[in-house]
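Peer 1: the sequence isn't on hand, but the structure is:
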């Protein structure tokens with residue numbers, strides 16, 4: 001389990017994530033639910049710090065949700081929870097990452113709102 005706040009405050013998140021599409025972890029929001037999707041992202045972790053590799057996979061998953069929100073004409077991604085090995089873990093402060101010698105992976109499930 002790793003810190004959502006640390007990932008969102010990383011240089012990568014600041015560079016890549018669109019501040020106009022809001023994220024809400026482990027809770028919903030007001031508006032019409034346009035659908036629910038899963039993002040499963042992997043990254044190379046060979047020779048890298050586990051936390052840094054996990055953050056990269058986490059940010060990649062959030063980027064995929066932002067793209068989905070744009071495609072669906074949504075304005076927020078809500079009820080974001082870990083979905084590692086199809087097990088849901090709802091936590092507003094931490095996400096689950098599976099990391100090993102060669103790969104790190106993050107799977108998230110979320111809803112898009114309008």
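Peer 2: Yep, it's here. A quick note: this is a predicted structure, and the numbers were derived from the prediction, not measured.
Peer 1: buried ones in stretch 46-62?
Peer 2: Buried residues in stretch 46-62, counted by 16 or more other C-beta atoms under 10 Å: 51, 53-62. No exception for glycine: its C-beta is placed from N, CA and C like everyone else's.
Peer 1: show me those that map onto helices.
Peer 2: 51, 53-62 (DSSP state H).
Peer 1: start to end distance for stretch 66-82?
Peer 2: Across stretch 66-82, the terminal residues are separated by 16 Å (C-alpha to C-alpha, to the nearest Å).
Peer 1: give me the contact list for it.
Peer 2: 17-18, 20-29, 31, 34-37, 62, 65, 88-91, 95-96, 106-114 (C-beta atoms under 8 Å, 6 or more residues apart in numbering).
Peer 1: among those, name the buried ones.
Peer 2: Buried among the contacts of stretch 66-82 (16+ other C-beta under 10 Å): 17, 21, 23-26, 34, 37, 62, 65, 95-96, 106-113.
Peer 1: show me the helices in this protein, by range?
Peer 2: 4-8, 11-16, 50-71.
Peer 1: Throw these into TSV and include mean pLDDT and distance to residue 81, thanks.
Peer 2: Putting the helices of the chain into TSV (pLDDT from 0 to 100; distance: least, C-beta to C-beta, whole Å) gives the following:
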stretch	mean pLDDT	distance to residue 81
helix 4-8	97	11
helix 11-16	96	18
helix 50-71	96	12
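Peer 1: which one of those lies nearest to residue 83?
Peer 2: helix 50-71 (9.6 Å; C-beta to C-beta).
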